[in-house]
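> Quick one: sequence and predicted model below, then my questions.
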Amino acid sequence: MAMSLSQAFLDAVKSPSRSAAVLLTFEFGTGTYGFWTGNGSRFYNGLKYSAGGSIFDISDIVQEGDGSVSELTIGLSTHPGIGVEVLEDLYNEDWHLRPVTIQLAMLDPRTDQIVAIQNVFRGILDTAPFTESEGQAEIQARCLSKSIELSKGGNLYRNDATQDRYDPEDTSLETIGTLNGALKKELHWGQSQ
């Protein structure tokens, strides 16, 4: 799926005086945590985003040919304003397979308010090993795009028996055999048939 940009976002990018910020959102079972790459805290869409510019590091976002991102890593680490206990609190949340969103925000340089926003990544938190040593802590959160679910194959063949699982009254596949049965045909190539 190709990424489409809103007109407001395109206008903000084209502006000669612009600045940008990254918004990072974790949706856990007990609440939503927001961080942004600026100083102080700010509210956007009813959510408080805490200063996180020096505590999180996002791996390179590699897009596929269709514009989708399959996975990325978010590194969260302590610094003088954020202690080990903050990362422990995040780690102790119900984080596995919970939603993660990364957005690029365009800011008005005069008011420092968000004028346009674009989703860059939406996915789930897969693994998040926690390490701590000498008063420093780090979480390396591996995030998978939700589009990864689309690439999983299945092994269910449609025939009358499988259709009965969905609707026993549906007889539309009654006369169709299985792939190993009536539909299998032997083909001979060449002139000696």
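Yes, it's here.
> for the protein, what's the longest strand?
Ranked by number of residues, the top strand in the chain under DSSP state E is strand 114-127.
> Check which element follows it along the chain.
strand 130-133 (DSSP states H and E).
> Who are the packing partners of that following strand?
helix 84-91, strand 136-145 (3 or more Cβ pairs under 8 Å, 6 or more residues apart in numbering; DSSP states H and E). Any C-beta I mention is one placed from the backbone N, CA and C, and that applies to glycine too.
> Now these in JSON lines, please, with extra columns for mean neighbour count.
Output for the helices and strands packed on strand 130-133, formatted as JSON lines (neighbours: other Cβ atoms under 10 Å):
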{"stretch": "helix 84-91", "mean neighbour count": "15"}
{"stretch": "strand 136-145", "mean neighbour count": "19"}
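> Lowest average confidence across those, which one?
Note on the helices and strands packed on strand 130-133: lowest mean pLDDT is at helix 84-91, with a mean of 80.
> list the helices and strands the helix or strand following that one packs on?
The helix or strand immediately downstream of helix 84-91 is strand 99-107, counting by DSSP H and E. Judged by 3+ Cβ pairs under 8 Å, 6+ apart, the packing partners of strand 99-107 are helix 7-14, strand 19-28, strand 114-127.
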